[in-house]
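Engineer: just the structure for this:
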Amino acid sequence: QVQLVESGGGLVQAGGSLRLSCAASGRTFSTYDMAWFREAPGKEREFVAAISWSGGITFYADFVKGRFTISRDNAKNTMYLQMNSLQPDDTAVYYCAADPHRHWSTAGEYNHWGQGTQVTVSY
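Structural biologist: Numbers count the residues shown, from 1 in each chain. The predicted structure is shown next:
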């Protein structure tokens, strides 16, 4: 079992940056593929980015390519999401997830979720 705790959210102006962290408990962190999702008010949870257990493979939603970077430090049991050039449309609760069955971009595939961290981007 792994427990995930997100942090790093907050209020930022359009064009600004934030770095989200996802700290994991348990010794199996380094064996899990992981991902970031987000959920805006009135919308379904959507895929943002994913990273393989080793960090060697990353995958992004089209709307974040070139702006967001996913990474992980297995020695620290932590995954990150560096978000640059933030826009008001990026406003959402951001969740980290671990251990997908098969498809990285499908929320229902993941066994473990954090509680989320709010990101708000103002005009």
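
Engineer: quick one: mean pLDDT for stretch 1-13?
Structural biologist: The average pLDDT within stretch 1-13 is 95.

Engineer: first-to-last residue distance for it?
Structural biologist: 37 Å (C-alpha to C-alpha, to the nearest Å).

Engineer: what's in contact with it?
Structural biologist: Stretch 1-13 is contacted from outside by 18-26, 28-29, 32, 86, 93-99, 112-123, using C-beta atoms under 8 Å, 6 or more residues apart in numbering. C-beta coordinates here come from the backbone N, C-alpha and C atoms, glycine included.

Engineer: what of stretch 59-67?
Structural biologist: Outside stretch 59-67, the residues within contact range by C-beta under 8 Å, 6+ apart are 46-51, 68, 70, 83-86, 104-105.

Engineer: could you do stretch 32-40 as well?
Structural biologist: 2, 20, 22, 24, 45-53, 70, 72, 79, 81, 90-100, 104-105, 107, 110, 112, 116, 119.

Engineer: at 6 Å what do you get?
Structural biologist: For stretch 32-40, contacts defined as C-beta atoms under 6 Å, 6 or more residues apart in numbering pick out 45-53, 79, 81, 92-100, 104, 107.
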